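Undergrad: Model the following, please.
(one chain, ligands or ions: 2)
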Amino acid sequence: MAKKADFNMDKQRSSLGQLALERQFVVADSIFELETERVFGNQWIYGCHQSEIDESSGCFRLNACGTQLILLRSESGDVKAFHNFCRHRGSELVTEQNCGSLGQRIQCPYHAWTYDRQGALVSAPNMTGQAGFDKAEYGLKQVECASWHGLIFVRLVDESHRDLPQLSLSQFMAPLEEHAVDWSFGDLKVTNSIDYEVSANWKLIFQNYSECYHCPTVHPALNRLTPFKGASNDVDDGPILGGPMRLSEESETMSSDGKSVGSIFPNLDEQQKRAVAYYTVFPSFFLSAHPDYVLIHRLERVSVSSTKVSCQFLFHPDSIAQADFDPSAAVEFWDLTNRQDWEVCELAQRGITDVKYEPGPYSNLESVVAAFDRHYRNQLGH
Ligand code: FES
Ligand SMILES: [Fe+2]
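TA: Ligands and ions are numbered 1, 2, ... in the order given. Take a look at the predicted model:
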């Protein structure tokens, strides 16, 4: 049962004069390196929706913020995640996004070592009888992988973190189990996907998504559908943040004309039908759950000043089955909104790069940004 949305702005946690992050967090390669271990090396990281795993190959190639992985679905439907390098001399194994015509075996393109879908090395030409060589020791390197309502996450925990207490994925996702499970993500299918390359640090993109203070200036069309003062937060601390934003009276959803593009999700209550639920999952996943479709943003860190963003639109099969199904009004609306956001993120990146930059104070409309910064600094230990 979803907790009811609370639109009372006064109840939002104040950012209490907190300042924005200092310049080094946005421009320093040393911070980028530190994040690799402390932020991305020990977290559940969003991989993909189950419907993105290629039907025929049962495979999805994932860049988990700098680490190349392959997600492989077995015949029983389980998904396992492996590093995408050969155990011989390290060649990348799977090179195409949909894994091309991957069959039951994964053969390295270099010297033809071959692995099965469980990651075991099953053949290594001319290695038989090699002193001390045991195939069993050279299976693909596996990483932790789990699914929450059809959303697949991986965790790249390294040896130095293995003895720390770790939350299971369902424990980690508990706030969304309370607030966003009514969209039944496991039933949905991705119908459209758009990729972007943004010349900005990943945190600027995360922070930008976390506030609508900029909406009246940057997104006039969005602000008509969901006036910025209708935003509220029901999760305001920790790795998951966000809450619902009320639709204006004339609007049914976020689309070019404000009209629905799919059928309303069957389990939503009256309040959920009149709002968009926006949540971020630290460090790389945004969920925008509309009354009739779900939008996902997945971030991939590329460098300290560059980030790939992949955007997926998910619909209920009942919507997709309709003869006149056409998601383009939603896709066009968000493509425009995304590009407006990337532009201001890039402006911020360029401004913060100036050595004279000094962080300014957050407003109360930026309390979620302030909460993101606190969690980030806590993870980074900085
Ligand atoms: S690098 Fe893969 S078989 Fe040699
Ligand atoms: Fe925006």
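Undergrad: what residues does stretch 134-148 touch?
TA: 44, 47, 50, 69, 71, 79-83, 85, 87-88, 93, 106, 113, 115, 118-122, 124, 127, 152-157, 168-170, 173, 176, 185 (Cβ atoms under 8 Å, 6 or more residues apart in numbering). C-betas here are computed from N, CA, C, even on glycine.
Undergrad: and what of stretch 20-32?
TA: Applying Cβ under 8 Å, 6+ apart, the external contacts of stretch 20-32 come out as 201, 203-204, 301, 303-305, 349, 352-353, 355, 357, 359-362, 369, 373, 376-377, 380, 382.
Undergrad: quick revisit: keep the contacts of stretch 134-148, but drop any that are not near ligand 1.
TA: When Cβ under 6 Å from any ligand atom is taken as the criterion, the members of these that contact ligand 1 are 88, 113.
Undergrad: For ChimeraX, what selects the buried ones among the contacts of stretch 134-148?
TA: Command for ChimeraX, covering only those of those found buried under the criterion 16 or more other Cβ atoms under 10 Å:
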select :44,47,50,69,71,79,80,81,82,83,85,87,93,106,113,115,119,121,124,152,153,154,155,156,157,169,173,176,185
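Undergrad: which SS state does residue 30 fall under?
TA: Following DSSP: H, G, I helix; E, B strand; the rest coil, the label given to residue 30 is helix.
Undergrad: Give me the pLDDT for it.
TA: You'll see residue 30 listed with a pLDDT of 97.
Undergrad: Which residue ranges of the stretch 101-250 of the chain form strands?
TA: 105-107, 114-116, 121-123, 142-148, 151-155, 189-198, 240-246 (DSSP state E, counting those that start in this stretch).
Undergrad: Export those to a markdown table and append columns for distance to residue 339 and mean pLDDT.
TA: Converted to a markdown table, these look like this (distance: least, Cβ to Cβ, whole Å; pLDDT from 0 to 100):
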| stretch | distance to residue 339 | mean pLDDT |
| --- | --- | --- |
| strand 105-107 | 37 | 92 |
| strand 114-116 | 41 | 95 |
| strand 121-123 | 45 | 96 |
| strand 142-148 | 30 | 96 |
| strand 151-155 | 25 | 97 |
| strand 189-198 | 8 | 98 |
| strand 240-246 | 20 | 96 |
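Undergrad: now the angle from the top helix by length along the chain to strand 189-198?
TA: Of all the elements of type helix in the chain, the one with the most residues (DSSP state H) is helix 328-353. Going by axes from the mean of the first three to the mean of the last three Cα atoms, to 10 degrees, helix 328-353 is angled at 30 degrees with respect to strand 189-198.
Undergrad: After helix 328-353, which helix or strand is next?
TA: Past helix 328-353, heading to the C-terminal end, the next element that is a helix or strand (DSSP states H and E) is helix 367-380.
Undergrad: got the CA coordinates for that next one in PDB?
TA: This file holds the C-alpha atoms of helix 367-380, laid out as PDB (Å, rounded to 0.1, in the frame of the first residue of the first chain):
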ATOM      1  CA  SER A 367      16.500  20.400   0.100                       C
ATOM      2  CA  VAL A 368      16.900  17.200  -1.900                       C
ATOM      3  CA  VAL A 369      20.000  18.400  -3.500                       C
ATOM      4  CA  ALA A 370      21.400  19.200  -0.100                       C
ATOM      5  CA  ALA A 371      20.400  15.700   1.100                       C
ATOM      6  CA  PHE A 372      22.200  14.200  -2.000                       C
ATOM      7  CA  ASP A 373      25.400  16.100  -1.200                       C
ATOM      8  CA  ARG A 374      25.300  14.900   2.400                       C
ATOM      9  CA  HIS A 375      24.900  11.300   1.400                       C
ATOM     10  CA  TYR A 376      27.600  11.600  -1.300                       C
ATOM     11  CA  ARG A 377      30.100  13.200   1.100                       C
ATOM     12  CA  ASN A 378      29.300  10.500   3.700                       C
ATOM     13  CA  GLN A 379      30.000   7.800   1.100                       C
ATOM     14  CA  LEU A 380      33.100   9.500  -0.100                       C
END
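Undergrad: average pLDDT for that helix?
TA: If you average the per-residue pLDDT over helix 367-380, you get 96.
Undergrad: buried sites along stretch 182-198?
TA: If you call a residue buried by 16+ other Cβ under 10 Å, then stretch 182-198 has these buried ones: 182, 183, 185, 187, 188, 189, 190, 191, 192, 193, 196, 198.
Undergrad: And it, end to end?
TA: Its first and final residues considered, stretch 182-198 spans 32 Å by Cα to Cα, to the nearest Å.
Undergrad: Next: stretch 224-234.
TA: As for stretch 224-234, its first-to-last residue distance stands at 23 Å under the measure Cα to Cα.
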